[in-house]
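S.K.: Dropping the sequence and predicted coords here.
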Amino acid sequence: MGRTLKMDKRMDSAALKQCRSDLEEANFQCDEEFLRRFVASLGTKPFVILTGLSGSGKTKLAQLFAIWITPAEMYSDPFIKGAQIGNSYRVMDSDRISVEFWNRNDEKVVLPRKLIAEWADFIASDPELKDLDSKELRDKFKNDYELRQGEKFAKHAIFWDSHLKPAALAVLESEKITRQSRRTYEVVAVGADWTSNENILGYPDGLDLKRYVKTKTLDLILSAIQSPDQPHFLILDEMNLSHVERYFADFLSAIESGEALHLHSDVDSPEIRDGIPPRIELPANLFVIGTVNIDETTYMFSPKVLDRANVIEFRARSTAMSSFLKNPKSLDSTQLAAKGREFANSLLKLKGTFKLTEPETDTMSEELMRIFHILEACGSEFGFRVAKEISTFVGIHKELSDGDWVIRHALDAQIIQKILPKLHGTRNQIEPILWGLGNLCHTPRGEATETDLVLQRCLEAVRLEDDSLDPLAKDVEGNPKYTFEEAYFPLSFGKIVRMLRSVQSNGFTSFAEA
């Protein structure tokens, strides 16, 4: 009883530092820049794909972040400013100690939350008490006072009965909602036999018109609709264990178009189908995070799926593995519960637009057009959606960074998360693209000139006519000519090198397999 909502805090670099520190206390290691890319991706679009080595922490990051940023239980404070209590009172102000009530005559009464809680406890002890008028309730409370000698405010609870009864009933109703325990995240294991959206959205019972067969996913969506100020996370584990397009096409379309999802066609009575509406719109506070493993039991994602998500790759670094082996510990999610709940509302607001300066916008445009021309030369150019989402990501990445932010880091993240995941094919198809993009990601930027020398070099590389432009080329001493440390976009260059090695060894490569 007597709990209050905490003030929202801004989701920024300080929030990420706190999140990383809290994750480390729970024995989960995560680089701050990696976490920044993850959160910025959630803010850009509520669909993120985590791929990489099995057992590298993909599902755990999604699960632990959800536990960290959402409340342990969905408690709604009935005494927010402006709330109507009963038929006669309005909340003008409140804090964790007391509530200020005003009646219709603008008369004020300030009551301790503890006093309201004691009245609520008394009413909860006997369901019939709530039907008594306030004076009868006050008299019963007074007569039972000796049973509550140890309660701090009990001796004062015989006053203000007309305020206390509706306030206590408001608390009980709020706690009733809490006890129903709506979840804010679900980890749903995708099955190899998923062939339709019924595995996601459920289906109407063909034999019983009053029944709808629900799923954990549908329950989560309905919870998100009922609690629009709280983020909800749907974590689809091993998302590509079945063909994604077969069970997730409607969901993807709804994410993109904003159109409602069709559940059933029975609209005659609210009692039909367990109260499940015929159509629902995906709530803005629902985030979908899919995890992907690549082996002989899984399916590749189509470009249309990858086009709608940020794809973040997990890799096991030698330094991180060495540190873990020195002191291996199991994850302890109890250390994280609701520690970041003050940032929940701010996470939802990240979907807004953050403006870049004119020089930053010019730099982003110049780099994206270089990428576009390279891909265009190979018939693999990107569309307007990708360009818009990259622009949004860059703005959010800046919002989540310290004052020394440079746009190069955000663009590097978007090349590896939005451009490279769609690239796959045989050596003849993919090698020219990788040569061109490899040079783009490695070549240092100089002063702007009338001729774009960076792009000119990259287009020369696309033609595969000069072996010195091969990102895997070696110098006369046999050392790599193009090094990761010197790369302008190091994350993306490192991935391109792995994809080139894979295609030269196997004759085929894709983002997930390299």
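M.R.: Sure thing, it's come through.
S.K.: and the helix or strand containing residue 388, which residues are buried?
M.R.: Assigned by DSSP states H and E, residue 388 belongs to helix 384-399. Applying a neighbour-count criterion of 16 or more other C-beta atoms under 10 Å, one finds 386-387, 389-399 buried in helix 384-399. Any C-beta I mention is one placed from the backbone N, CA and C, and that applies to glycine too.
S.K.: Kindly indicate which of the residues you listed lies nearest residue 216.
M.R.: residue 389 (28.4 Å; C-beta to C-beta).
S.K.: By mean pLDDT, point me to the weakest helix or strand of this structure.
M.R.: Scoring the helices and strands of the chain by mean pLDDT, DSSP states H and E places helix 161-179 at the bottom, with a mean of 76.
S.K.: Can you give the contact residues for the very next helix or strand once past that one?
M.R.: Downstream of helix 161-179, the first helix or strand assigned by DSSP H and E is strand 185-189. With contact meaning C-beta atoms under 8 Å, 6 or more residues apart in numbering, strand 185-189 is reached by 59, 62-63, 66-67, 70, 215-217, 219-220, 232-238.
S.K.: What does the pLDDT read for the residue of the chain positioned farthest from its centre?
M.R.: For the chain, the residue at maximal distance from the C-alpha centroid (C-alpha atoms, centre = their mean) is residue 143, at 52.8 Å. Reported pLDDT at residue 143 in the predicted model: 71.
S.K.: And it, how close does it get to residue 121?
M.R.: From residue 143 across to residue 121, the span is 16 Å (C-beta to C-beta, to the nearest Å).
S.K.: quick one on the thing from earlier: show me which of the contacts of strand 185-189 are buried.
M.R.: 59, 62-63, 66-67, 70, 215, 217, 220, 232-238.
S.K.: how about low-confidence regions in the stretch 401-514 of the chain?
M.R.: 447-450 (pLDDT under 70).
S.K.: cutoff 90 now
M.R.: 402-404, 446-451, 476, 478, 512-514 (pLDDT under 90).
S.K.: Can you show me the helices along it?
M.R.: Secondary structure of the stretch 401-514 of the chain (DSSP state H, counting those that start in this stretch): helices at 407-414, 427-442, 453-462, 490-506.
S.K.: and if you look at the stretch 251-400 of the chain?
M.R.: 303-306, 318-326, 344-349, 358-377, 384-399.
S.K.: would TSV of these with mean pLDDT and distance to residue 445 be doable?
M.R.: As requested, the helices of the stretch 251-400 of the chain are exported to TSV (pLDDT from 0 to 100; distance: least, C-beta to C-beta, whole Å):
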stretch	mean pLDDT	distance to residue 445
helix 303-306	83	28
helix 318-326	79	29
helix 344-349	92	33
helix 358-377	96	9
helix 384-399	95	16
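S.K.: Verify the stated contact: residue 98 with residue 110.
M.R.: Yes. If you go by C-beta atoms under 8 Å, residue 98 and residue 110 touch, sitting 5.3 Å apart.
S.K.: which of these two has more neighbours?
M.R.: residue 98 (17 against 14; other C-beta atoms under 10 Å).
S.K.: Who are the contact partners of the more buried one?
M.R.: Residue 98 touches 110, 111, 112, 113, counting by C-beta under 8 Å, 6+ apart.
S.K.: With distance to residue 425 as added columns, please give those in TSV.
M.R.: Below are these laid out as TSV (distance: C-beta to C-beta, whole Å):
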residue	distance to residue 425
110	71
111	70
112	69
113	64
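S.K.: Just the buried ones out of these, please.
M.R.: For the contacts of residue 98, buried by 16+ other C-beta under 10 Å: 111, 113.
S.K.: Just the contacts of residue 98: which are in strands?
M.R.: 110, 111, 112 (DSSP state E).
S.K.: Residue 273 - how many residues pack around it?
M.R.: Residue 273: 24 neighbours (other C-beta under 10 Å).
S.K.: circling back: give me the angle between the helix holding residue 388 and helix 407-414.
M.R.: 130 degrees (axes from the mean of the first three to the mean of the last three C-alpha atoms, to 10 degrees).
S.K.: Now helix 384-399 - C-alpha only, PDB.
M.R.: Only the C-alpha atoms of helix 384-399 are listed here, as PDB (Å, rounded to 0.1, in the frame of the first residue of the first chain):
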ATOM      1  CA  PHE A 384      13.800   4.800 -49.000                       C
ATOM      2  CA  ARG A 385      12.900   2.900 -45.800                       C
ATOM      3  CA  VAL A 386      16.500   1.900 -45.100                       C
ATOM      4  CA  ALA A 387      17.600   5.500 -45.700                       C
ATOM      5  CA  LYS A 388      15.000   6.800 -43.300                       C
ATOM      6  CA  GLU A 389      15.700   4.300 -40.600                       C
ATOM      7  CA  ILE A 390      19.500   4.900 -40.800                       C
ATOM      8  CA  SER A 391      18.800   8.600 -40.300                       C
ATOM      9  CA  THR A 392      16.600   7.900 -37.300                       C
ATOM     10  CA  PHE A 393      19.200   5.600 -35.800                       C
ATOM     11  CA  VAL A 394      22.000   8.200 -36.100                       C
ATOM     12  CA  GLY A 395      19.900  10.800 -34.300                       C
ATOM     13  CA  ILE A 396      19.100   8.400 -31.500                       C
ATOM     14  CA  HIS A 397      22.700   7.200 -31.200                       C
ATOM     15  CA  LYS A 398      23.700  10.800 -30.800                       C
ATOM     16  CA  GLU A 399      21.100  11.300 -28.000                       C
END
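S.K.: give the contact list for the spatially closest residue to residue 12 that is not a sequence neighbour.
M.R.: The shortest distance from residue 12 to any residue other than its chain neighbours is 6.1 Å, reached at residue 400 (C-beta to C-beta, 6 or more residues apart in numbering). Taking C-beta under 8 Å, 6+ apart, we find residue 400 in contact with 11, 12, 13, 15, 16, 36, 39, 40.
S.K.: and the last one, helix, strand or coil?
M.R.: Three-state assignment for residue 40 (DSSP: H, G, I helix; E, B strand; the rest coil): helix.
S.K.: Measure how buried it is and give me the count.
M.R.: 27.
S.K.: who's in contact with it?
M.R.: Counting by C-beta under 8 Å, 6+ apart, residue 40 has contacts 350, 393, 396, 397, 400, 410, 413.
S.K.: which ones are touching the closest residue to residue 215 other than its chain neighbours?
M.R.: Spatial nearest neighbour of residue 215, excluding adjacent residues (C-beta to C-beta, 6+ apart): residue 202 at 4.6 Å. Neighbouring residues of residue 202 by C-beta under 8 Å, 6+ apart: 212, 213, 214, 215, 218, 263, 276.
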